[in-house]
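Chemist: Fold the stuff below for me.
(chains A and B)
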Amino acid sequence: MSADEKILKDLQKAVLGYDSKAAVSAAKAAIAAKVDPLLAIEKGLMPAIEKVGDQFEKMEIYLPELMLAGDAMKSALALLLPLLPKGSKGAKATVVMGTVQGDVHEIGKNIVASMLMAGGFNVIDLGVDVKTITFVDEAERNSAKIIGASALMASTIGSQKDIIDYLVASGKRKKHAVLVGGGPTTKEWAKEIGADGCGMTAVEAVKLANRISKGT
Amino acid sequence: MSHMVQILDIMEKALNGKPMSETDYQLKVFAPKVQEKVREHRIKFDRENPIPQDNSMADEVFEAGLELLLDVGAFCTSSGRTITFTEQEIRESLRRAPSKLYFGEGRDKKALVARAVGDKTPPWCLLGAGGGPCSSDKSFLTLVEGYAEIPETDAITTPALTRVGGMRVRPASPLEVLAAQRNAVLAREACNRVGRQGIPIMNSLATAESDIAFAAALHPKFGMRDSDGYMICCMDPMKVDFARLNKVAVALSLGGHIGMCFGPLLGGYAGGPEGTAVSNVAHHMMGVLTYQSSWLLPFTIHLRYVASSPRDMLWVISTMGQAISRNTHLLSLNLNYTTAGPCTPMCLFETSASVTAAVTAGLSIESLGVATNKHEDRTTPVEPRISAEVGHAVAGMKLADANELVKGLLKKYESKLNEPPLGKSLYECWNAEARKPTKEYHGVIMRYKRAMADLGIDLRPEA
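Modeler: Presented below is the predicted three-dimensional model:
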């Protein structure tokens, strides 16, 4: 096994072992050895996180492992992504996401955030009970192509509509796609409020984000 | 006499506990500790037997849950600190917890009592929509009137209004306050209309997610009584915040009995079925202490199917129920969700399986969330009525017989869980004027009851 192959293996091992420290070490080793950062991402991190995503889908592993693997991936990406030339295909769109104003339930949001990360998106997690204006401000500040708004309660999904209405009223609607999800959301609801899609599952949310990222 | 943990003690613990990030609590403390307890106590899910019949395993699950709470405590997201308890505090709270509570008024006043595994005592039937979304005052009244007319109804669990004054409710806004107040008024009005003035409403208030809406709607002028139940939801896993503790303080000040509802996801922070069962047991104890609960409401949901009817979920319900019933006298009601919707046999088979798992394990029931409880007006009074009939029919059934029954029920729906039929909406299969199901739904019920008879369960003949 060549030195480069060992580094790629170490990146994979770190993600599959849910180990952020090991992921940082492997990323630093990749940089020191002048491994192409795109190669490190595409052949090291991505296959591992995709495997984790598959395992989660089949319920062979559970939420803690998914989130820890996502953290490991993010730790390595934080070092590798800045080294990619501008316009490189290494990272997909930026997604700002959170649970809407008045709603403190975070599990669904955490699952989708981890799966998006697994899918190569740059995810900025705003947490729970996020004000409408914060979604929009953070999307602007980070040039996010996608806003992801999660809601668990029938009494809180109205806040998903507020995000879209705010974007429309402030003339920013075309800059950011809005995906909604969570317990009471349905495709009919997404259509009614003018969202760009509704992820009924985390896998569907990632598919929608991919479609938006590619502009298809 | 040892000290009883009260709300001021909880605040003191919440303000002075070990500082920690929420993520660390969930991923680095709670999640690994659950798996450690599963390993130490050798708890194992058995796919072939969704209703386990191993007393020693149930007792191990109980001890594992107690140890989990002892080791990790609860977590207060407002202060960023853990809320820990001593073993003496936990055991004392279990000893002091009531084994019998009265709810309701007049001839509708009844006692919720602790049940044992295989108990012949019928389960307490908290029937209705479990907070499912409801689009209008008219639908709300139609549903609650229907729930109140079910003979087995001991208490009502209302839907949640999604609109007020033509506007979609916004959380922690005047719209939510007004909708929660309307929730209280309409629920009482619906019960009055069908002559069950004293029936308790035990999910006060489904429309009130925020503490301000909860407090505002509990003003006596809106009709809520201290003989109703005061449900307050916990955040998974074992988390609390000041808004929830505000609800606790308000409910205590009114003299109401608090029921903490909690839903550790199967596949979530507690991992698979074994960890989820342990987490459920720990949540029971955490609810008695942190939320000052005198009754409990577990509603574990499957991460993939968002329902209580998959095979591993039935095992979790039964295992957790047996652990609690064998080792405590806590008053615990299991809330179940189906994947399929009204006017489908699958929905009725699903709720029958979940109810059987709960009741034979010594739990009472809250039934139910239909079609994952996410679609507006996609529920009718039929599904809770059938759930209650099954609950009464299986009371006293041995675990081995329940296991065979549940396996028979699983054969009827397990293969369809990935693509369940959504069925029909409220007015498509419920005749509000006649206060009964449509002819089509009546036919579905008849076929369902014949199938149940074939499985050895004779339910009440349909009119």
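Chemist: how about the top helix by length along chain B, does it reach chain A?
Modeler: Looking across chain B with DSSP state H, the single longest helix is helix B:174-193. Yes - using Cβ under 8 Å from any Cβ of the partner chain, helix B:174-193 comes into contact with chain A via B:Leu175, B:Glu176, B:Ala179. From N, CA and C alone the C-beta is placed, and that goes for glycine too.
Chemist: which one of the residues you listed is nearest chain A?
Modeler: B:Glu176 (5.8 Å; Cβ to the nearest Cβ).
Chemist: Surely the closest one and A:Ser155 touch.
Modeler: Yes - judged on Cβ atoms under 8 Å, B:Glu176 makes contact with A:Ser155 at a distance of 5.8 Å.
Chemist: Next up, the contacts around whichever residue of chain A sits closest to chain B.
Modeler: Chain B sits closest to A:Gly102 of chain A, with a gap of 2.3 Å, by Cβ to the nearest Cβ. Contacts for A:Gly102 (Cβ atoms under 8 Å, 6 or more residues apart in numbering or on different chains) come out as A:Asp129, A:Ser155, A:Thr156, A:Ser159, B:Arg170, B:Pro171, B:Ala172, B:Ser173, B:Glu176, B:Glu209, B:Ser210.
Chemist: Could you find the lowest-pLDDT member of the residues you listed?
Modeler: Ranked by pLDDT, these bottom out at A:Ser155 (80).
Chemist: Settle it for me: which of B:Glu176 and A:Ser155 has more neighbours?
Modeler: In this view B:Glu176 and A:Ser155 are compared by other Cβ atoms under 10 Å in any protein chain shown, and A:Ser155 has more residues nearby, 32 against 27.
Chemist: What is the burial count for the closest residue to chain A within the stretch 151-300 of chain B?
Modeler: The nearest approach of the stretch 151-300 of chain B to chain A comes at B:Pro171, 2.3 Å away (Cβ to the nearest Cβ). Counted with other Cβ under 10 Å, the neighbours of B:Pro171 add up to 23.
Chemist: Please apply the same query to the one 3 residues further on.
Modeler: The number of residues packed near B:Pro174 is 12, by other Cβ under 10 Å.
Chemist: Ends of stretch A:141-153, what's the gap?
Modeler: With Cα to Cα, to the nearest Å as the measure, the ends of stretch A:141-153 fall 28 Å from one another.
Chemist: ok, so what distance separates B:Gly263 from B:Asp236?
Modeler: 6 Å (Cβ to Cβ, to the nearest Å).
Chemist: swap that for A:Leu39, please
Modeler: Separation of A:Leu39 from B:Asp236 (Cβ to Cβ): 39 Å.
Chemist: higher neighbour count, those two?
Modeler: B:Asp236 (23 against 15).
Chemist: Just to check, that one is in contact with B:Cys261?
Modeler: No - in this structure, B:Asp236 is not within contact of B:Cys261 by Cβ under 8 Å, at 10.9 Å.
Chemist: ok so, going back, would you turn the residues of helix B:174-193 next to chain A into JSON lines with distance to B:Thr157?
Modeler: JSON lines is the format used below for the residues of helix B:174-193 next to chain A (distance: Cβ to Cβ, whole Å):
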{"residue": "B:Leu175", "distance to B:Thr157": "22"}
{"residue": "B:Glu176", "distance to B:Thr157": "19"}
{"residue": "B:Ala179", "distance to B:Thr157": "17"}
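Chemist: sec struct for the residue lying closest to B:Leu417 once chain neighbours are set aside, please.
Modeler: Leaving out its chain neighbours, the residue that sits closest to B:Leu417 by Cβ to Cβ, 6 or more residues apart in numbering or on different chains is B:Tyr305, at 5.3 Å. State at B:Tyr305, reduced to three classes by DSSP: H, G, I helix; E, B strand; the rest coil: coil.
Chemist: Likewise for A:Val128?
Modeler: Relying on three-state DSSP, one would call A:Val128 coil.
Chemist: what's the answer for B:Ile365, then?
Modeler: Assignment for B:Ile365 (three-state DSSP): strand.
Chemist: Could you check the pLDDT of residue 200?
Modeler: Picked chain A for this. pLDDT, A:Met200: 81.
Chemist: ah, no, chain B please
Modeler: On the pLDDT scale, B:Pro200 gets 97.
Chemist: Please apply the same query to the one 3 residues further on.
Modeler: If you check B:Asn203, the pLDDT there is 87.
Chemist: who touches it in this structure?
Modeler: Here B:Asn203 is in contact with B:Leu126, B:Gly128, B:Gly130, B:Gly131, B:Ile156, B:Thr157, B:Thr158, B:Gly229, B:Met231, B:Glu366 (Cβ under 8 Å, 6+ apart).
Chemist: Also B:Pro32?
Modeler: By Cβ under 8 Å, 6+ apart, B:Pro32 lies in contact with A:Pro64.
Chemist: Now do the SS call for it.
Modeler: Per three-state DSSP, B:Pro32 ends up helix.
Chemist: For A:Pro64, see how far away it is.
Modeler: 8 Å.
Chemist: same deal with B:Leu368?
Modeler: B:Leu368 is 29 Å from A:Pro64, by Cβ to Cβ.
Chemist: for chain A, what spans make up the helices?
Modeler: A:3-16, A:20-32, A:37-39, A:46-57, A:63-80, A:107-118, A:132-141, A:158-169, A:187-193, A:202-214.
Chemist: now do the stretch 151-300 of chain B
Modeler: Secondary structure of the stretch 151-300 of chain B (DSSP state H, counting those that start in this stretch): helices at B:174-193, B:211-217, B:242-253, B:273-290.
Chemist: How about the residues of chain A by chain B?
Modeler: A:59, A:62-64, A:67-68, A:100-105, A:107, A:111, A:153-159, A:161-162, A:183-186, A:201.
Chemist: Mind giving me the PyMOL command for buried ones among those?
Modeler: Entered in PyMOL, the line below selects the buried ones among those, by 16 or more other Cβ atoms under 10 Å in any protein chain shown:
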select buried, chain A and resi 62+63+64+67+68+100+101+102+103+104+105+107+111+153+154+155+156+157+158+159+161+162+183+184+185+186+201
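Chemist: what residues does the stretch 101-250 of chain B put near chain A?
Modeler: Close to chain A, as judged by Cβ under 8 Å from any Cβ, the stretch 101-250 of chain B has residues B:131-133, B:160, B:162, B:168-173, B:175-176, B:179, B:207-210, B:235-236, B:241, B:243.
Chemist: Centre-most residue in chain B?
Modeler: When Cα atoms, centre = their mean is applied to chain B, the residue found nearest the centroid is B:Leu335 (2.9 Å).
Chemist: Quickly find the element holding that residue.
Modeler: Taking DSSP states H and E as the criterion, B:Leu335 maps to strand B:333-337.
Chemist: distance between that strand and the chain's centre?
Modeler: 4 Å (Cα atoms, centre = their mean, to the nearest Å).
Chemist: What of stretch B:201-214?
Modeler: On Cα atoms, centre = their mean, the centre of stretch B:201-214 falls 15 Å from that of its chain.
Chemist: quick one: terminal-to-terminal distance for that stretch?
Modeler: With Cα to Cα, one end of stretch B:201-214 sits 14 Å from the other.
Chemist: Report the buried residues of it.
Modeler: Taking 16+ other Cβ under 10 Å as the criterion, stretch B:201-214 shows B:201-214 as buried.
Chemist: so where's the chain shaky on pLDDT?
Modeler: No chain in the question, so chain A it is. A:86-91, A:216 (pLDDT under 70).
Chemist: my question was about chain B
Modeler: Low-confidence segments of chain B (pLDDT under 70): B:1-2.
Chemist: how's it carved up into domains?
Modeler: B:7-96, B:100-454 (automatic domain parsing).
Chemist: Give me the nearest residue to the residue of the stretch 151-300 of chain B closest to chain A, chain neighbours excluded.
Modeler: B:Pro171 sits nearest to A:Gly102 (Cβ to Cβ, 6+ apart), 2.3 Å away.
Chemist: Need phi/psi at the one you found.
Modeler: In terms of degrees, to the nearest 10, the main-chain angles of A:Gly102 are phi 90, psi 0.
Chemist: Looks like B:Thr351 contacts B:Val390 (just checking).
Modeler: Yes - between B:Thr351 and B:Val390 there is a contact under Cβ under 8 Å: 7.3 Å.
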